[in-house]
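Visitor: Fold the following and give me the result.
(chains A and B)
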Amino acid sequence: MNHKHAKIIFVIFVNIIVLFGCSPIVEKNLVEEIAPVTFWSIQKGEDENFRMSTLIPPLVKEKKRLLSVQVDLLKEGVKGFNLKYYRELKVGQLRMLLISDEIAAEGISPLIDTILTDPDISKRMYLVIVKGDFDEYINSQLGVQEDLDYFLYRMLKHYDNQGKMTVVNLHEFMKALHSPTHSPVLPVFEAGNENFQYQGTGIFKNDKLIETTNNLEEQIFQLLDNDHFLKYLTIRDLSFVLGHVKADVQLNIDKAYSELKLNVQLNGRLDEVGREYDLLTREKLSSFESEIESYLEKQTTEFLKKLQENKVDPLQVGKYTLGPFSKPLDEKEWSDKWGRMEVKVDYDLKLQPLTDIKND
Amino acid sequence: MSGFSLFEKTSSFNGVYITLMVNRMQMLYFVIIMPVFLIYPYMIWIIIIVGLLSQINIFMLSKWFNSNYASRGYEGFAELFGERSVRLLSFIGLGFILLKLTVITLGYVEVTQHFIFPSLNTNWMILFILLICWYVCSHGMTPTIRFVVIAFLSTAWMFLLLFNFLFQPFNSIHDLFPLLPYEWTMKSWKAVVFIFSALSGPEYLVLLAPWFNTRKKVLKYMTIGNVFTIFEYVFLFIASLFFFGPHYLEENRFPMMEMMRYLESPVFERIDMILISVYLVNFVFAISIFMLLFYGATRIALKRTKDQTTKSGFAVCCSIVSICLFINNELLWKKATNQNILLELEIWAGALTYLLIPLFLFISLRRKGRV
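Guide: Predicted coordinates for the structure are as follows:
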């Protein structure tokens, strides 16, 4: 028996296995028979724990509809979808997980852990917290907007790492969740009958949503942590809009962990002034600057106070306690120290005026 | 039965092959799970220190390569130790080879099952891998050694992909702190043993010495291989620290694969599937070498060194290996890193062989030289 024979026998052997249905692979992936979904929305159920819904079919040119099931367990929902729908839903293309704020307030660890164990689901999947009824929104938009799920995903992808809104994927969330000093954050959207609108950043304590930033806090958060850039910084109280604001943040914690110095260097343009003024002279501009500075200082201090009271640290202040040669603080030590830390905020604003400055 | 001589020397290889073999034998299953055992950033220094220890071993091995026993293979060993003790040693070696073979095969199969075929019975995977290895082996030792070039070219570039993870937006240099150990526990000692065990592999090259023609520069070539491995270890570990952070790293079973899963490609969604499949080439190379060594060691232990290698003998050895793999897969291989008795054994066994073989050879050479 030479090599040729061995090869022929080998090929026949493989063919026998595959052709006669002894194939060791049990899953089938025929394109006509599967439907890769792009999102899951998880809301509080009426009798059961969760109400899961998704939009089908996501790719083929067929009329789309919303599929929802009431379940106790997440993966039970996946099974439930399949029992209800003639195609098998596949999770390989899952890009978004929308979780209602009611569930988030109770803790999302059980949900996330289930998803993590599935190697089909990418760690790049975006996590979003939704206030209100997302199903209602999707149902109302079905006839109006085609491929809505896809465009929602594109929106998140567009703003990923751009510093205009918080966009967090599964991996980033998990990394923050496991870090002893860093509190995880997620974007919060509000879904109404016809609206799906970004609200702010939801701040988590461990895996529970405790707080959502309001408009100004959100902007401060974007400047201090998330890429340090804002296209528009609106200050409604003072009737200013600053454009293309870049922040250069310097954090200093003293050796005893009792004082935090936060220096923020802001560069931006004065885009809009919503109040009466005569002439934009150099003095006027610097008076605007100092007015905005002291306002931002006050607001930032209040924002940080609020975070300290809740003992959360979404700005990753804690990582500045780490040094190459020192023993790191554990979670409890840090949250004690952080709660009692004195905060000093200093803004330094440099504005480009709307028009050329007049010399009076 | 002409034409079936597995251990014939049809060509002799130069030093580059030694470099590649040293490197590829150190980049097997343990690399995939390495960060889970290290966790703390200060382990970067430990990798480098253990790498230097490994360099001492490499030095001792190169002394063996330089001696005139090395190129004579079995006869050389027999002259040095006596035939009886060589047979005893090869019998002991059988166990170590089989253990190493089992752990790397089952480890790779487990990764494949976790990421590519979750519903596949793992015995099928073992069967297919062994069939490929059997095919490679049956060409004999010379082509199998030559196969290392393919193994190196198809897998060595992979770590370049991880350059991505040094520049992710969520990275911060603080993930690498603290750089000095602030406590030293049993777990840290185990990490040291683990790294040493991961670096083991080059000691098996002494058995392949007759196939290499380089005498003088062997230290240089082995050192290049070893240094490249250490560089890869450090790089992979730093990348995984940046990516996971020390605290999340603990929670992952296959951090390397998770990182590859995170890579984005405009064409393929699951780039990790392709990378894991390609990495099989490296495993096929190592498993083939170990299977041939297993066959050779069996022949020595059974006092058959003078006879011609036979197909049936080789087939019997292969089936012993496969039966052993199937049994271990069913009974002993537990799918949790901390409770896996085979993995635990291999960590110690690998470290032991890598420590003792070079030392043993070095000392016996010294004594022989003095007498």
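
Visitor: Would you mind naming what in the stretch 101-250 of chain A lies close to chain B?
Guide: A:119, A:122-124, A:161, A:171-172, A:174-175, A:177-180, A:227 (C-beta under 8 Å from any C-beta of the partner chain). Just so you know, the C-beta spots here come from the backbone N, C-alpha and C atoms, and that holds for glycine as well.

Visitor: Go through those and name the one nearest chain B.
Guide: A:H178 (3.9 Å; C-beta to the nearest C-beta).

Visitor: Just list the residues touching that closest one, thanks.
Guide: Residues in contact with A:H178 (C-beta atoms under 8 Å, 6 or more residues apart in numbering or on different chains) are B:245, B:247-248, B:250-251.

Visitor: just the buried members of the residues of the stretch 101-250 of chain A next to chain B?
Guide: In terms of neighbour count (16 or more other C-beta atoms under 10 Å in any protein chain shown), the buried residues within those are A:119, A:122-124, A:171-172, A:174-175, A:177-180.

Visitor: can I get the residues you listed in CSV with pLDDT and secondary structure?
Guide: As requested, those are exported to CSV (pLDDT from 0 to 100; DSSP: H, G, I helix; E, B strand; the rest coil):
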residue, pLDDT, secondary structure
A:P119, 81, coil
A:S122, 88, coil
A:K123, 89, coil
A:R124, 89, coil
A:H171, 91, helix
A:E172, 90, helix
A:M174, 91, helix
A:K175, 90, helix
A:L177, 91, helix
A:H178, 90, helix
A:S179, 86, coil
A:P180, 84, coil
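
Visitor: what's the helix or strand for A:V245?
Guide: Applying DSSP states H and E as the criterion places A:V245 in strand A:240-253.

Visitor: let me fix that: A:V188
Guide: Per DSSP H and E: strand A:185-191 holds A:V188.

Visitor: Any chance you could list what contacts that strand?
Guide: Residues from elsewhere that reach strand A:185-191 (C-beta under 8 Å, 6+ apart): A:98, A:101, A:104, A:127-134, A:136-137, A:165-168, A:173, A:176, A:196-204, A:209, A:212, A:314.

Visitor: tell me the mean pLDDT for stretch B:363-370?
Guide: Average pLDDT, stretch B:363-370: 82.

Visitor: Who does A:V273 form a beta bridge with?
Guide: A:F240 (DSSP bridges).

Visitor: What residues does B:E251 make contact with?
Guide: Here B:E251 is in contact with A:174, A:178 (C-beta under 8 Å, 6+ apart).

Visitor: please redo it, this time with the cut-off set to 10 Å
Guide: Contact analysis of B:E251 by C-beta atoms under 10 Å, 6 or more residues apart in numbering or on different chains lists A:113, A:116, A:174, A:177-178, B:36, B:244.

Visitor: which among the residues you listed gets closest to A:K306?
Guide: When the contacts of B:E251 are ranked by distance to A:K306 (C-beta to C-beta), A:L177 comes first, at 20.9 Å.

Visitor: thinking that closest one is in contact with A:P314, fair?
Guide: No: using C-beta atoms under 10 Å, A:L177 is not in contact with A:P314; the gap is 11.9 Å.

Visitor: Distance check, B:L263 against B:D272.
Guide: Separation of B:L263 from B:D272 (C-beta to C-beta, to the nearest Å) stands at 7 Å.

Visitor: Neighbours of B:T142, how many?
Guide: 17 (other C-beta atoms under 10 Å in any protein chain shown).

Visitor: Could you measure from the residue nearest to it when sequence neighbours are not counted over to chain A?
Guide: Spatial nearest neighbour of B:T142, chain neighbours left out: B:T10 (4.9 Å); criterion: C-beta to C-beta, 6 or more residues apart in numbering or on different chains. Going from B:T10 to chain A by C-beta to the nearest C-beta, to the nearest Å gives 17 Å.

Visitor: check which helix or strand covers B:T10.
Guide: For B:T10, there is no host helix or strand (DSSP H and E).

Visitor: how about it, what does it touch?
Guide: B:T10 neighbours (C-beta under 10 Å, 6+ apart): B:140-143, B:211.

Visitor: most neighbours, which of those residues?
Guide: Counting neighbours by other C-beta under 10 Å, B:M141 leads the contacts of B:T10 with 24 neighbours.

Visitor: show me what contacts that residue?
Guide: Neighbours of B:M141 in contact, by C-beta under 10 Å, 6+ apart: B:5-10, B:208, B:210-211, B:288-289, B:292-293, B:295-296, B:309.

Visitor: Low-confidence ranges, the stretch 251-371 of chain B, go.
Guide: Judged by pLDDT under 70, the stretch 251-371 of chain B has its weakly predicted residues at B:335-338, B:370-371.

Visitor: Leaving out sequence neighbours, find the closest residue to the residue in it positioned nearest to chain A.
Guide: Nearest residue of the stretch 251-371 of chain B to chain A: B:Y262, at 5.3 Å (C-beta to the nearest C-beta). Counting by C-beta to C-beta, 6+ apart, A:K123 is the residue found nearest to B:Y262 once chain neighbours are left out, at 5.3 Å.
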